[in-house]
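Participant: Just a sequence and a predicted model for now, questions to come.
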Amino acid sequence: MRRKRRDILLDVVGNKAKQEIAASDQTPVTEYLKGKTKYSASDPRQTLITNALVSYIAGDLVPLSVVDSQYFKNLMEKADPKYQVPIRKHLTSKLIHGKCAELKNDIKFQLKSAQSVCLTLDLWTNRQMRAFLGVTGHFIQEWQLKSVMLACSRF
């Protein structure tokens, strides 16, 4: 082949080289996703997921340290690679306080619309023998019994 049909051999070798170059130019999908930029703080998707995270932490009384967990960060990376998990300091100083104010206003609105409210006082101690006082309000709204924690403080 080298002596008699050198032109065909060069074409075959050239095509192989072109195919190898084309294959090396393609980046895998995983590399493409890793290189994506993260959501900005004002992005609607970032805000939606962060609000769901705050609701999850507040609703299930999950420790705030969950956002520091490497396993949680890995889960969020798999769920949405562009999502930035908020740091714990931002979570405690801004997001939880914002959610608290939102819930407080919602509870005030519910209590204003209630015809009557019954209060329950509860006094208990924790394992370190510190006393706490809890105040819970109970009312009927839309034919359902609702209960809201109005106060919980050290006594």
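Facilitator: Happy to help now that I have it.

Participant: Which of the helices or strands spans the residue most central in space within the chain?
Facilitator: What sits nearest the mean C-alpha location of the chain, by Cα atoms, centre = their mean, is residue 53, with 3.7 Å. When elements are assigned from DSSP states H and E, residue 53 belongs to helix 44-60.

Participant: Quick check: what element follows that helix along the chain?
Facilitator: Next along the chain after helix 44-60, taking DSSP H and E as the criterion, comes helix 70-79.

Participant: from the chain's centre, how far out does that next one sit?
Facilitator: 10 Å (Cα atoms, centre = their mean, to the nearest Å).

Participant: and the following helix or strand past it, what other elements does it pack with?
Facilitator: Going down the chain from helix 70-79, the next helix or strand is helix 88-90, by DSSP H and E. Applying 3 or more Cβ pairs under 8 Å, 6 or more residues apart in numbering; DSSP states H and E, one finds that helix 88-90 contacts no other helix or strand. C-betas here are computed from N, CA, C, even on glycine.

Participant: and for helix 88-90, what are the contacting residues?
Facilitator: 64, 65, 67, 68 (Cβ atoms under 8 Å, 6 or more residues apart in numbering).

Participant: Now find how far off-centre it is within its chain.
Facilitator: On Cα atoms, centre = their mean, the centre of helix 88-90 falls 13 Å from that of its chain.

Participant: Could you chop the chain up by domain?
Facilitator: 26-113, 115-155 (automatic domain parsing).

Participant: Looking at stretch 45-64 now, give me its mean pLDDT.
Facilitator: When pLDDT is averaged over stretch 45-64, the result is 90.
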